[in-house]
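>>> task: produce atomic coordinates for the following.
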Amino acid sequence: MTAGRILCAALAAVWLSACASPPITSGAAPHADRTSVARGAEVGIASWYGPGFHGKTTASGQRYDMYAMTAAHKTLPFGTRVRVTNLKNRRSVVLTINDRGPFVAGRIVDVSKRAAQALGFERQGKAEVSVEVLGRGG
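Numbering: from 1, shown residues only. Here you go, the predicted model:
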């Protein structure tokens with residue numbers, strides 16, 4: 001193989017590797033294990049909300065039920081189903097977006113109290129998670 005062909009092959013490999021898109025991250029800690037985070041998942045801090053909002057109207061017009069498997073996200077359409085995975089313990093739940101938030105800087109999703117229990121971070125109040133869009137609910 002000539003030097004010109006080797007150079008072309010090397011440049012092509014570099015160019016193709018630049019086309020690969022990494023997972024979306026949002027304020028994620030550098031120590032988190034990313035080996036099983038879904039491609040295109042949003043990674044960051046989740047928190048939960050409950051008693052002060054229970055029974056009040058959400059941004060979607062539904063009544064907030066802290067025992068339902070729902071979440072608040074800043075931009076995803078209402079009715080979107082997402083898989084939220086706690087990156088520390090690998091617990092995962094499917095939630096429906098029915099509210100706007102979180103309104104605390106650095107957070108990517110607020111989940112219901114029941115979801116926080118299932119994900120194993122109710123006591124801590126927050127956790128590093130991945131949020132993977134599954135599609136619209138039926």
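
>>> what are the buried residues along the longest strand along the chain?
If you go by DSSP state E, the chain has its longest strand at strand 126-136. By 16 or more other Cβ atoms under 10 Å, the buried positions in strand 126-136 come out as 126-133. All C-beta spots, glycine's among them, are computed from the backbone N, C-alpha and C.

>>> now do stretch 67-75
Neighbour-count burial for stretch 67-75, with 16+ other Cβ under 10 Å as criterion, is recorded at 68-73.

>>> closest one to Val94 out of those residues, please.
Proximity of those to Val94 (Cβ to Cβ) peaks at Met69, which lies at 7.0 Å.

>>> didn't the closest one look like it was pressed against Thr96?
Yes. Between Met69 and Thr96 there is a contact at 6.9 Å, judged by Cβ atoms under 8 Å.

>>> sorry, back to before: so can I have CSV of the buried residues of strand 126-136 showing distance to Lys56 and pLDDT?
Formatted as CSV, the buried residues of strand 126-136 follow (distance: Cβ to Cβ, whole Å; pLDDT from 0 to 100):
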residue, distance to Lys56, pLDDT
Lys126, 21, 98
Ala127, 24, 98
Glu128, 28, 98
Val129, 24, 98
Ser130, 28, 98
Val131, 23, 98
Glu132, 28, 98
Val133, 26, 97
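
>>> dump those residues to TSV, plus distance to Pro51.
As requested, the buried residues of strand 126-136 are exported to TSV (distance: Cβ to Cβ, whole Å):
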residue	distance to Pro51
Lys126	17
Ala127	19
Glu128	24
Val129	22
Ser130	27
Val131	24
Glu132	28
Val133	28
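
>>> quick check: the farthest pair among the residues you listed?
Spatial extent of the buried residues of strand 126-136 (Cβ to Cβ) is set by the pair Lys126 and Val133 at 21.1 Å.

>>> check Arg136 and give its pLDDT.
In this model, Arg136 is scored at 85, pLDDT.

>>> Ala116: which element?
Secondary structure from DSSP states H and E places Ala116 in helix 113-119.

>>> tell me the mean pLDDT for that helix?
With pLDDT averaged residue by residue, helix 113-119 scores 98.
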